[in-house]
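A.B. asks: here are the coordinates; sequence isn't available:
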């Protein structure tokens, strides 16, 4: 009869188990839990917020609920008390906490938490500790911050994850640094919103950079974006007035050169109208990308604006299949000779 898995064999099996299944199994064995915590935890996605955490496709969250009950100190009768107007003590509204487990389809289970956790922050601290506490290595493909206002994450002491990609949400990237194992750098991809500064090493060294700007952008932030020297970066202007895009074009033309950044814009006007305005404003020309016969189905026009002897500014629709029926425009600098003039 088999004696079961050896210690090295058990560690291999645990590391290959999907993270949520692994945590579920180890939570039911006091002897297995310390072994499991010493094995690297591998996650495709880790999403953090104040009272929620998502591991891959399963989200754990602490919520508040209410119930009507007579089991309350306010309903207790002692000598001298007189119950009026009812045969039973009155009901009172009582708050309590639930821990819910959700997948992409919705709620799959929930558990009422004991009264020793009267506040969400205490329950959240316990939840994070049960999942991440005393782990030696946490390997994450993408870390996502689902935090939209100043708050506190109640994470275990020493928590750090070795990540490949980072989505900061509305949080300044520098506030995410304590969560990241230094062995993560350089990141494969970094997504940030409304950055105040672009001089941080985590921004400068990442392999791919996506910056999203929404709302009115101050002049100093726009100037930072125009000076960005990253070789594989995209800047997405969301719901901007088209003058913001024109500011980028004018800056490039005034300096006779641009950068390697690709700029995108969501606008309230259709692509066709914006391209027509660009041609008229900068004496641009309608041109066509060089292509093979096999690529003929992907033919679409773009606007070329002269920049210098070697390159030009290229402005084209984001959607190549339906170029004139959307509201997103892409702009970048390309070497002259990568396109053919379209008559």
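C.D. replies: On my side now, so go ahead. Bear in mind that the values here come from a model prediction, so they are computed numbers and not experimental data.

A.B. asks: So for the residue located most distally from the centre of the chain, what's the pLDDT?
C.D. replies: Residue distances from the centre of the chain (CA atoms, centre = their mean) peak at residue 80, which lies 60.4 Å from the mean C-alpha position. Model confidence at residue 80, expressed as pLDDT, equals 86.

A.B. asks: ok but it is inside a helix, no?
C.D. replies: No. Assessed with DSSP: H, G, I helix; E, B strand; the rest coil, residue 80 is coil; it does not lie in a helix.

A.B. asks: Not counting its own residues, what contacts stretch 251-264?
C.D. replies: Stretch 251-264 has contacts (CB atoms under 8 Å, 6 or more residues apart in numbering) with 225-237, 245, 248, 282, 305, 307-308, 311, 313, 318, 328-333. No exception for glycine: its C-beta is placed from N, CA and C like everyone else's.

A.B. asks: Put the buried members of those residues into a PyMOL selection.
C.D. replies: Buried residues within the contacts of stretch 251-264, as defined by 16 or more other CB atoms under 10 Å, are selected in PyMOL through the command that follows:
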select buried, resi 225+226+228+230+233+234+235+236+237+245+248+282+305+307+311+313+328+329+330+331+332+333
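
A.B. asks: Which residues are in contact with the residue farthest from the centre of the chain?
C.D. replies: Under the criterion of CB under 8 Å, 6+ apart, residue 80 has no neighbours.

A.B. asks: so where do the helices sit in the stretch 201-343 of the chain?
C.D. replies: Along the stretch 201-343 of the chain, counting by DSSP state H, counting those that start in this stretch, helices occupy 201-205, 219-226, 242-255, 271-282.

A.B. asks: Turn the ones you listed into TSV, columns for distance to residue 103 and mean pLDDT.
C.D. replies: Listed next are these as TSV, based on distance: least, CB to CB, whole Å; pLDDT from 0 to 100:
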stretch	distance to residue 103	mean pLDDT
helix 201-205	32	96
helix 219-226	38	88
helix 242-255	40	87
helix 271-282	38	86
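
A.B. asks: Which one, of the ones you listed, ends up nearest to residue 14?
C.D. replies: Residue 14 lies closest, by CB to CB, to one member of the helices of the stretch 201-343 of the chain: helix 201-205, at 31.2 Å.

A.B. asks: so where's the stretch 151-300 of the chain uncertain?
C.D. replies: Judged against pLDDT under 70, the low-scoring parts of the stretch 151-300 of the chain cover residues 239-241, 267-269, 289-300.

A.B. asks: actually the stretch 1-150 of the chain, sorry about that
C.D. replies: Looking along the stretch 1-150 of the chain with the criterion set at pLDDT under 70, you get 1-4.

A.B. asks: any chance you could map the helices in it?
C.D. replies: So, for the stretch 1-150 of the chain - with DSSP H, counting those that start in this stretch - the helices run 7-16, 19-26, 33-37, 120-132.

A.B. asks: Comparing those, which comes out most buried?
C.D. replies: Mean neighbour count (mean count of other CB atoms under 10 Å) peaks for helix 120-132 among those, with a mean of 19.

A.B. asks: what helices or strands is it leaning on?
C.D. replies: Helix 120-132 makes packing contacts with strand 52-55, strand 58-69, strand 92-103 when contacts are defined by 3 or more CB pairs under 8 Å, 6 or more residues apart in numbering; DSSP states H and E.

A.B. asks: any residues touching that helix, and which ones?
C.D. replies: By CB under 8 Å, 6+ apart, the residues outside helix 120-132 that reach it are 23, 27, 50-51, 53, 55, 60, 62, 64, 97, 99, 113, 117, 138, 152-156, 159.
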